[in-house]
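**Q** missing the sequence, but the structure's below:
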């Protein structure tokens, strides 16, 4: 991942950055070797062909723009050509009479920012970067840019400890991501061209099962810089930033409000999905770098002011630890419990007594599935998940939904909560729902609307609300940090509009996946290091095996298996079964090694994090 400095990110236009992110995954729609400039030229020519030709900006201007882009592709362009492209596109953008001319010119302007390296490569090197910098799908789609082909190759050779070292150069939570990552890296795996995506998370699980994270030493820290950094929050984002900053030589102190470290890894994910002893392996490895920890340390406006004065930099990564409300009548009744509160209690081993009770969970995400499956393990008589859309529209991972169904959870879909009925003592006794009809697609999902049916009553003893999470940002706004709709405002480097203050993870993104929070901590660490006057590189001396030149014939994917539902639902023990060595070797052999074939080797080499 390229190193993002505070200055560089501050100068980068949002439009250009958005375009870069959109086409960072060119592999989503194009084969290897696609040139970004050529792609822009093709779109421009389509726009020119669709123009009515009544105004000069479209009729003449778009044609001239296309000629200039052809000059870039044919090695006839100079640096002055870039200025001419920019000036011509700007003139078209402000003078075109229709959206075709405006959007075509605007696309070129965005491309000059987002694909600057591609243009410069053509002009200065007379070479197309698309042919040798084609993104590797799994690495590109991993928010932390972990070297996936590298650790798969190491797993195939049985070098689990080296695989952990390689993962750690970008992600200090190998165990957490092996057990609970949503594995976006698999979405565009090129193995799909043959059969099915490589089971990347399963292979990572195989690695951490054969070499626990706390048994593999972390890299030695750089000499001390004398700088001190305060990290507020010990979730994946905060500890990732602290880990990398500590390796760079800056002394980090982590302040955690709760009794134990881990953030939502501990207080948001049940033990059956992520056993606490496995979390501790990652935590012990991270803390072995020398990070100082202060638990039960509540940070408010005054404490932030003190940290700002005492430390050279402060990174805020408080996570999303409060619940969203249903905003319906009766939600303040007794026995209406937020999912966040229940999972937080379980994080400290305080399990609820649901013996013989009828439980209703409102929501359709992974947290709702966690609550439902937890209620089953707490011996509830029945558990129903109420969701206003269809089951296939749930945001929870399909595997989580399937597992919940297997354990006895009932999905009550296309029913919108309307009000909660309470008895004379103020205790919830029923949830009233309005049946829904699925409708038009909006924002990527079919939107429901009220059906021409009467409301229905669902009797219950407990209502668990799992409709989202919010951030407690009030104290930080009081301190002076910019806040918008409850989220702290920070740029893509993690810097906020206060000298020496950075923020990242869920408090900036909103409720997010673990790997996206890790990404925020990693980027912030690089930029805090720049802010403190450093430019440190954390190295990894692992040698990656060369790819085997064997035929890649169609082969079935090895999937992770789980303990039988009738057994696993009786306890909070881990439910996933690890791969055997035979299964792991078979699965690793399916990797097409895109880092060597079809793409170039990872740009910048595998020795550096940034």
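**A** Received the coordinates, thanks. Here the structure is a predicted model, which means the values were calculated and not measured.
**Q** need the contact list for the residue nearest in space to the middle of the chain.
**A** By CA atoms, centre = their mean, the chain has its centre lying nearest to residue 516, at 2.6 Å. Contact partners of residue 516, counting by CB atoms under 8 Å, 6 or more residues apart in numbering, are 143, 509. Where you see a C-beta, it was placed from the backbone N, CA and C, and this is true even at glycine.
**Q** That one in helix, strand or coil?
**A** helix (DSSP: H, G, I helix; E, B strand; the rest coil).
**Q** Roughly how far does it sit from residue 144?
**A** From residue 516 across to residue 144, the span is 9 Å (CB to CB, to the nearest Å).
**Q** cool, residue 114 as well?
**A** In terms of CB to CB, residue 114 sits 22 Å off from residue 144.
**Q** same question, residue 289
**A** 18 Å.
**Q** Who has more neighbours out of those two?
**A** residue 144 (27 against 18; other CB atoms under 10 Å).
**Q** That one and residue 170 touch, don't they?
**A** Yes: with contacts counted by CB atoms under 8 Å, residue 144 reaches residue 170, the gap being 4.9 Å.
**Q** Run a quick neighbour tally on residue 532.
**A** Around residue 532 there are 20 residues (other CB under 10 Å).
**Q** Dihedrals phi and psi, the nearest residue to it once chain neighbours are set aside?
**A** Sequence neighbours aside, residue 227 is the residue nearest to residue 532 in space, at 4.8 Å (criterion: CB to CB, 6 or more residues apart in numbering). Per-residue torsions, residue 227: phi -90, psi 150 (degrees, to the nearest 10).
**Q** so who does residue 227 touch?
**A** 249, 250, 251, 312, 313, 532, 534.
**Q** do that again at 7 Å, thanks
**A** Residue 227 sits next to 250, 312, 532 when contact means CB atoms under 7 Å, 6 or more residues apart in numbering.
**Q** and it, how far is that from residue 246?
**A** 11 Å.
**Q** Any regions of the stretch 101-250 of the chain where pLDDT drops low?
**A** 129-134 (pLDDT under 70).
**Q** where along it do the helices fall?
**A** 116-120, 137-141, 148-156, 160-168, 174-180, 200-210, 236-248 (DSSP state H, counting those that start in this stretch).
**Q** so residue 436 sits in a strand?
**A** Yes: with three-state DSSP as the criterion, residue 436 is part of a strand.
**Q** tell me the SS of the nearest residue to it once chain neighbours are set aside?
**A** In this structure, residue 436 finds its nearest non-sequential neighbour in residue 448, 3.8 Å apart by CB to CB, 6+ apart. Taking three-state DSSP as the rule, one finds residue 448 in the strand state.
**Q** For residue 448, list each beta-bridge partner.
**A** Going by DSSP bridges, residue 448 is paired in beta bridges with residue 438.
**Q** Neighbours of it, how many?
**A** Applying other CB under 10 Å, we find 21 residues neighbouring residue 448.
**Q** just checking, it touches residue 440?
**A** No: contact between residue 448 and residue 440 fails when scored by CB atoms under 7 Å: they sit 10.2 Å apart.
**Q** Am I right that residue 573 sits in a helix?
**A** No: counting by three-state DSSP, residue 573 is not found in a helix; it is coil.
**Q** give me phi/psi at the closest residue to it other than its chain neighbours?
**A** Counting by CB to CB, 6+ apart, residue 272 is the residue found nearest to residue 573 once chain neighbours are left out, at 6.4 Å. Here is the backbone geometry of residue 272 (degrees, to the nearest 10): phi -70, psi -20.
**Q** Residue 272 contacts residue 572, doesn't it?
**A** Yes: between residue 272 and residue 572 there is a contact at 4.9 Å, judged by CB under 7 Å.
**Q** Mind listing the shared neighbours of the two?
**A** residue 377.
**Q** So the two - more neighbours on which side?
**A** residue 272 (23 against 19).
**Q** quick check, residue 420 in a strand?
**A** Yes: per three-state DSSP, residue 420 lies within a strand segment.
**Q** From what I see, it and residue 464 are in contact.
**A** No: Residue 420 is beyond contact range of residue 464, at 11.8 Å (criterion: CB under 7 Å).
**Q** out of these two, which sits in the more crowded spot?
**A** residue 464 (28 against 24).
**Q** The helix or strand hosting the more buried one pairs with which strands, parallel or anti?
**A** According to DSSP states H and E, residue 464 maps onto strand 462-465. Sheet pairing of strand 462-465 (DSSP bridges) gives strand 336-338 (parallel), strand 358-362 (parallel).
**Q** To residue 195, which of the ones you listed lies closest?
**A** Comparison of the strands paired with strand 462-465 against residue 195 by CB to CB identifies strand 358-362 as nearest, at 36.2 Å.
**Q** what's near enough to touch the spatially closest residue to residue 330 that is not a sequence neighbour?
**A** Of all residues not flanking residue 330 in the chain, residue 420 sits nearest, at 3.2 Å (CB to CB, 6+ apart). Shown in contact with residue 420 (CB under 7 Å, 6+ apart): 328, 329, 330, 331, 333, 336, 428, 431, 463.
**Q** Recalculate using a threshold of 6 Å.
**A** Contact analysis of residue 420 by CB atoms under 6 Å, 6 or more residues apart in numbering lists 330, 331, 333, 428, 431.
**Q** Please flag which of those residues sit within helices.
**A** Among the contacts of residue 420, no member falls in helices (DSSP state H).
**Q** quick one: which of those is nearest residue 109?
**A** residue 331 (48.3 Å).
**Q** and the closest one, how many residues sit next to it?
**A** Residues near residue 331, counting by other CB under 10 Å: 17.
**Q** Now tell me which helix or strand of this protein has the poorest mean pLDDT.
**A** Ranked by mean pLDDT, DSSP states H and E, the weakest helix or strand in the chain is helix 6-11, scoring a mean of 39.
**Q** Show me the helices in the stretch 451-600 of the chain, by range?
**A** 474-479, 506-509, 514-531, 565-568, 581-588.
**Q** If you average the pLDDT over stretch 275-282, what comes out?
**A** For stretch 275-282, mean pLDDT is 96.
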